[in-house]
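*Asks:* I would like to see how this sequence folds:
(one chain, ligands or ions: 1)
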Amino acid sequence: MKTSEVKIGTVAIGNGNPITIQSMTNTDTRDIKGTVAQIHALEEAGCEIVRCAVPDVESAFSFRKIKDSISIPLVADIHFDAQAAIAAIENGADKIRINPGNIGGREKIIAVVDAAKAAHIPIRVGANAGSLSKDVLQKHGGPTAEALIESVLENIHILERAKFNDIVVSIKSSNVPVCVEAYRKIAKLTNYPLHLGVTEAGTYHMAVIKSAIAMGSLILDGIGDTLRVSVTGDPVQEVYAARDILKSCGVRKSGVEIISCPTCGRCTINIEKIAESIEKFTQNISIPLKIAVMGCAVNGPGEAREADLGIAGGRGEGLLFSHGKVIKKVDEFDILPELRRMILELVEERNKE
Ligand code: SF4
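*Replies:* Numbers count the residues shown, from 1 in each chain. This is a model prediction of the structure:
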C-alpha cells in the first residue's frame, strides 16, 4: 500500500521504495568500540538501518562517534528521557524511536519534536502489546488489535498536534494473529510508512517462524516499508532472517537462495552437510544466485531446473549441474571444493556484467 516517504539519513522508506532491513544492537551504547564492531557485523550481513538503545544522556553522547564510524543510518531508541532524546538528535541520530506517552508530558514532547524538526529527522512512534496503558487494556479487555490501534493513533495524534508529520509507525504484538490484524487495520487508517515487527518474538527458532508468518503475510498483502526481526540472541541472525523473509516473499532478489531437497532413500551422500556448508559459504554474497543441493541424480537436476548451479548426489560421487543440465561428475569428497570454486567463478562473472 502506498505510504508517504520518510528519509532516515541516506535511506528513503515508504512511497514504494524497497523494504529495508533493520536491526538493533545489544551492546552498551556507551561502549563505542563494541557497538561499532557489532554494527559493522550487521552491515556486512545486509543491515540497512541500525538502532541503538539510548537509556540516558551519556549514551546519547556516544552517538556522534558511533555515527562517524559506520555507513548506515543510526536510530536512537528512547524511553522516559526527553533530555536523552534531544541529546541523541544533537549528536547525529538519523531518526528517533519514542513513546510519546512516557516521555514526560506535553512540554517535553514539544521540546523533542522541535529538536527533530530542527535536525530534519523523522520520529517512529508505535504501540507495543507489552506497554499498553491500563485504561486501554481495560477498555478492550486485553492487548487486542483494537487496543493497539487506539494506542498508536493516540501517539500519532500527539505528534500531529505538535505539527509534526515526519512519522514512521509500528504496532507490535508477540501474538501473530493480533499483530497481523493490527497492521492490516492501521494500514487502512494512515499513510505513514510502517515498520513491521513481532515484539518479543523469542529465541531464534520461534522468532523466525513468528516473524516469517506475520511479516510474510503482511508483505504479500503489500503492507510494510521496513522490518526488524527481533531475536533473543545475536542481532546478525536477525538480519539474515529478514533477508530470507524478503527473498521468500519475492520482494528482494539479492543474495543467494539455496534450494535443497529433503533427501529420501535414494540419497547416499551427506546432503545436509553440503547444504549447510554452502549456505554459510554464500551468506554474505549479495548478487542474486540460486544454488541447488539435491540428493540424487534421478530427480535432482530436473527438480532444480531454475538453479544457476547445483549438485546432485550419486553413489560416492556428485553431478554438478547448471540450469538443469549436468556439466561434470566429481568424487564425493571433491563436491564441496568444486562447488565453492564454481560459485566464486560465477560471482566474478556476474560482477563483470
Ligand atoms: Fe529423494 Fe533425489 Fe528427490 Fe532428494 S532429489 S528427495 S534424494 S528423489
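*Asks:* got the buried residues for stretch 310-328?
*Replies:* Burial within stretch 310-328, assessed by neighbour count using 16 or more other C-beta atoms under 10 Å, is assigned to 310-314, 317-322. Bear in mind the C-beta positions are built from the backbone N, C-alpha and C, glycine included.
*Asks:* and if you look at stretch 122-142?
*Replies:* Within stretch 122-142, the residues that count as buried by 16+ other C-beta under 10 Å are 122-129, 132, 136, 140.
*Asks:* also stretch 102-121?
*Replies:* Buried residues in stretch 102-121, counted by 16+ other C-beta under 10 Å: 103-104, 108-113, 115-116, 119, 121.
*Asks:* identify, from those, the entry nearest to the ligand.
*Replies:* Nearest to the ligand out of the buried residues of stretch 102-121 is I121 (C-beta to the nearest ligand atom; 51.3 Å).
*Asks:* flag every residue of the stretch 251-353 of the chain that's near the ligand.
*Replies:* Contact residues, the stretch 251-353 of the chain versus the ligand (C-beta under 6 Å from any ligand atom): 261-264, 266-267, 294-296, 298-300, 303.
*Asks:* what do you get if the cut-off is 5 Å, keeping everything else the same?
*Replies:* Within the stretch 251-353 of the chain, the positions near the ligand by C-beta under 5 Å from any ligand atom are 261, 264, 266-267, 294-296, 299-300.
*Asks:* how about the nearest residue to the residue of the stretch 51-200 of the chain found nearest the ligand, chain neighbours excluded?
*Replies:* Closest residue of the stretch 51-200 of the chain to the ligand, C-beta to the nearest ligand atom: V176 (30.3 Å). Nearest residue to V176 in three dimensions, chain neighbours excluded: A214, at 4.8 Å (C-beta to C-beta, 6 or more residues apart in numbering).
*Asks:* what's next to the host helix or strand of the one you found, contact-wise?
*Replies:* Using DSSP states H and E, A214 maps to helix 204-220. With contacts defined as C-beta atoms under 8 Å, 6 or more residues apart in numbering, helix 204-220 is touched by 19, 174, 176, 179-180, 183-184, 196-198, 201-202, 224, 227, 229-233, 237-238, 241-242, 244-246, 248-249, 251.
*Asks:* so who does whichever residue of the chain sits closest to the ligand touch?
*Replies:* Closest contact between the chain and the ligand, by C-beta to the nearest ligand atom, is at G295 (2.6 Å). For G295, the contacting residues are 261, 263-264, 266-267, 269, 271, 312-313, by C-beta under 8 Å, 6+ apart.
*Asks:* what do you get for V251?
*Replies:* For V251, the contact set (C-beta under 8 Å, 6+ apart) comprises 18-19, 219.
*Asks:* from those, which is closest to S62?
*Replies:* I19 (28.8 Å; C-beta to C-beta).
*Asks:* tell me the buried residues in stretch 181-193?
*Replies:* For stretch 181-193, a neighbour-count test (16+ other C-beta under 10 Å) marks 181-183, 186-187, 190, 192-193 as buried.
*Asks:* just the closest of the residues you listed to I335, please.
*Replies:* Nearest member of the buried residues of stretch 181-193 to I335, counting by C-beta to C-beta, is Y183, at 43.7 Å.
*Asks:* enumerate the residues of the stretch 101-250 of the chain near the ligand.
*Replies:* Counting by C-beta under 5 Å from any ligand atom, the stretch 101-250 of the chain comes close to the ligand at no residue.
*Asks:* quick one: the helices in the stretch 101-250 of the chain?
*Replies:* Under the criterion DSSP state H, counting those that start in this stretch, helices of the stretch 101-250 of the chain are mapped to 106-119, 134-140, 145-161, 176-189, 204-220, 235-248.
*Asks:* okay, the angle between the fourth one and helix 204-220?
*Replies:* When you say that, I think you mean helix 176-189. In terms of direction (axes from the mean of the first three to the mean of the last three C-alpha atoms, to 10 degrees), helix 176-189 departs from helix 204-220 by 30 degrees.
*Asks:* using PDB, write out every CA atom in helix 176-189.
*Replies:* This file holds the C-alpha atoms of helix 176-189, laid out as PDB (Å, rounded to 0.1, in the frame of the first residue of the first chain):
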ATOM      1  CA  VAL A 176       1.000 -13.300  15.400                       C
ATOM      2  CA  PRO A 177      -2.800 -13.100  14.500                       C
ATOM      3  CA  VAL A 178      -3.200 -10.000  16.700                       C
ATOM      4  CA  CYS A 179      -0.100  -8.400  15.100                       C
ATOM      5  CA  VAL A 180      -1.200  -9.100  11.600                       C
ATOM      6  CA  GLU A 181      -4.700  -7.800  12.300                       C
ATOM      7  CA  ALA A 182      -3.400  -4.700  13.800                       C
ATOM      8  CA  TYR A 183      -1.000  -3.900  10.900                       C
ATOM      9  CA  ARG A 184      -3.800  -4.600   8.400                       C
ATOM     10  CA  LYS A 185      -6.100  -2.200  10.200                       C
ATOM     11  CA  ILE A 186      -3.600   0.600  10.700                       C
ATOM     12  CA  ALA A 187      -2.500   0.400   7.100                       C
ATOM     13  CA  LYS A 188      -6.100   1.500   6.200                       C
ATOM     14  CA  LEU A 189      -6.100   4.300   8.700                       C
END
